[in-house]
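Colleague: heads up, no residue letters with this:
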Ligand code: DAH
């Protein structure tokens with residue numbers, strides 16, 4: 001067999017080579033295209049070829065190499081195509097799509113947003129402040145004397161090695177912060193998280209949320225406060241809601257009151273929620289004590305104001321009939337997914 005016949009034999013072998021899988025493909029590559037491929041031996045014959053046939057031999061060898069390369073490429077393409085086809089056999093195009101899980105707001109956020117929205121409509125703006133507070137803003141400025149029980153280590157989380165820094169125990173600290181850096185008229189609501197060193201139970205937690213309100217201007221009266229709270233109660237709990245103010249005491253307001261709303265569950269008929277009284281307690285409020293204004297650099301001879309503060313968890317629990325505050329902080333999806341609002 002002369003070299004040209006050998007070339008032809010290789011060409012046929014290449015074309016008829018059976019490539020069924022990636023293993024065959026690799027064998028083919030090693031045999032015809034690898035660094036020690038068998039075509040190289042044939043190339044070595046060059047020196048024995050008569051001069052007038054050298055050119056033709058070279059061209060035929062190059063053509064043969066090309067045939068091998070093309071066979072390799074098309075076989076490789078064919079195999080990946082078949083692999084994909086094989087894989088797609090397992091896809092069920094009639095299967096229904098998987099529903100995409102939509103998150104929803106936490107009941108505390110829903111309640112907080114409702115409260116904010118109601119007050120924003122009558123010109124209050126949101127003021128947010130730090131949760132790590134100075135003793136002065138949390139207590140002293142708010143007219144809470146040194147020996148007041150609320151300052152007790154039992155209730156307040158002080159920062160390690162500090163008698164000054166604490167986790168705010170109420171959002172009333174935002175009142176002082178705002179008065180210190182804003183000139184009246186002031187009309188703010190301050191939502192946020194507060195902390196108290198309480199034993200965790202179904203009814204109380206060491207962290208919860210409040211919304212504070214503060215209005216300071218010339219000639220602000222208790223009647224203004226009452227009107228604002230009435231508006232809030234009706235927007236929050238329904239047009240037929242009644243309010244009741246009971247005298248109370250807070251160091252930072254004088255006079256002070258607590259507000260109840262008529263029970264929206266039983267329409268004041270008497271139920272578990274209102275403990276058969278027909279009323280549920282919602283917030284504390286009062287006229288800002290002149291001492292507080294003075295502490296914060298506002299002249300009590302010129303200005304007066306009212307303030308109120310309410311717990312958010314309590315209202316969320318009333319509204320959604322939740323009987324354990326700990327549910328609010330457990331992040332249990334079975335609890336959270338029951339609240340559908342995304343507002
Ligand atoms: N800071 C009070 C508390 O945490 C709530 C409160 C009562 C806030 C009366 C006020 C207010 O602004 O006027 O219990």
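Modeller: The structure has been received and is ready for your questions. All of these numbers come straight from a predicted model, not from anything done at the bench.

Colleague: what number of residues lie near the residue nearest to residue 128 when sequence neighbours are not counted?
Modeller: The spatially closest residue to residue 128, leaving aside those adjacent along the chain, is residue 192, at 6.3 Å (C-beta to C-beta, 6 or more residues apart in numbering). C-beta: built from backbone N, CA, C; applies to glycine. A count of neighbours around residue 192, defined by other C-beta atoms under 10 Å, yields 21.

Colleague: list the contacts of residue 192.
Modeller: 128-129, 131, 168, 171, 174, 209-210 (C-beta atoms under 8 Å, 6 or more residues apart in numbering).

Colleague: buried stuff in stretch 242-253?
Modeller: Using 16 or more other C-beta atoms under 10 Å as the burial criterion, the residues of stretch 242-253 that qualify are 243, 245, 250-253.

Colleague: before we move on, what about stretch 109-119?
Modeller: Of the residues in stretch 109-119, 109-112, 114-116, 118-119 count as buried by neighbour count, 16+ other C-beta under 10 Å.

Colleague: show me the contacts for residue 288.
Modeller: Counting by C-beta under 8 Å, 6+ apart, residue 288 has contacts 175, 214, 216, 252-253, 304-307.

Colleague: in strands only, show me those residues.
Modeller: Secondary structure from DSSP state E places 214, 216, 253, 304-307 of the contacts of residue 288 in strands.

Colleague: for the stretch 51-200 of the chain, which segments count as helices?
Modeller: In the stretch 51-200 of the chain, the segments counted as helices under DSSP state H, counting those that start in this stretch are 51-88, 107-120, 135, 173-181.

Colleague: give me whichever of those helices is most buried.
Modeller: Between these, the one whose residues have the most neighbours on average, counting mean count of other C-beta atoms under 10 Å, is helix 173-181 (a mean of 22).

Colleague: how much space separates the residue nearest to residue 128 from residue 168?
Modeller: Per C-beta to C-beta, to the nearest Å, residue 192 is found 8 Å from residue 168.

Colleague: ok so, going back, would you mind giving the ones in strands among the contacts of residue 288 as CSV with distance to residue 65 added?
Modeller: Putting the ones in strands among the contacts of residue 288 into CSV (distance: C-beta to C-beta, whole Å) gives the following:
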residue, distance to residue 65
214, 88
216, 92
253, 96
304, 99
305, 94
306, 95
307, 91
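
Colleague: out of these, who has the most neighbours?
Modeller: Of all the ones in strands among the contacts of residue 288, the most densely surrounded is residue 305 (27 neighbours; neighbours counted as other C-beta under 10 Å).

Colleague: I'd say it and residue 187 touch.
Modeller: No. Counting by C-beta atoms under 8 Å, residue 187 is not a contact partner of residue 305; they are 9.4 Å apart.

Colleague: and the strands in this structure?
Modeller: Counting by DSSP E, one finds strands in the chain at the ranges 125-126, 132-134, 165-167, 186-195, 207-217, 243-250, 253-262, 279-288, 304-311.

Colleague: now do the shared contacts for residue 192 and residue 168.
Modeller: residue 131.

Colleague: quick one: residues contacting residue 313.
Modeller: The neighbourhood of residue 313, defined by C-beta under 8 Å, 6+ apart, consists of 108, 205, 208-209, 325, 328.

Colleague: try it again at 6 Å.
Modeller: Contact analysis of residue 313 by C-beta atoms under 6 Å, 6 or more residues apart in numbering lists 208, 325, 328.

Colleague: with distance to residue 49, neighbour count and pLDDT added, can I get the residues you listed in JSON lines?
Modeller: Shown next, in JSON lines, are the contacts of residue 313 (distance: C-beta to C-beta, whole Å; neighbours: other C-beta atoms under 10 Å; pLDDT from 0 to 100):
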{"residue": "208", "distance to residue 49": "96", "neighbour count": "19", "pLDDT": "96"}
{"residue": "325", "distance to residue 49": "97", "neighbour count": "19", "pLDDT": "93"}
{"residue": "328", "distance to residue 49": "92", "neighbour count": "21", "pLDDT": "95"}
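
Colleague: of all those residues, which comes closest to the ligand?
Modeller: Relative to the ligand, the closest of these is residue 208; by C-beta to the nearest ligand atom it sits at 9.7 Å.

Colleague: who's in contact with that closest one?
Modeller: When the contact criterion is C-beta under 6 Å, 6+ apart, the partners of residue 208 are residue 313.

Colleague: distance of it from residue 278?
Modeller: Taking C-beta to C-beta as the measure, residue 208 and residue 278 are separated by 26 Å.

Colleague: one more: residue 249?
Modeller: Using C-beta to C-beta, residue 249 is found at 24 Å from residue 278.

Colleague: likewise for residue 185?
Modeller: Computed as C-beta to C-beta, the residue 185 to residue 278 distance reads 37 Å.

Colleague: more neighbours, those two?
Modeller: The neighbour comparison of residue 185 against residue 278 (other C-beta under 10 Å) goes to residue 278, with 17 against 13.

Colleague: so where's this structure shaky on pLDDT?
Modeller: The model of the chain has pLDDT under 70 over residues 153-154, 342-343.

Colleague: got the domain boundaries for this structure?
Modeller: By the record's domain assignment, the chain is partitioned as 3-88, 107-339 (automatic domain parsing).

Colleague: looking at those, which is closest to residue 97?
Modeller: Of all these, domain 3-88 sits nearest to residue 97, with 17.3 Å by C-beta to C-beta.

Colleague: return the closest of the buried residues of stretch 109-119 with respect to residue 157.
Modeller: Nearest to residue 157 among the buried residues of stretch 109-119: residue 112, at 22.0 Å, using C-beta to C-beta.
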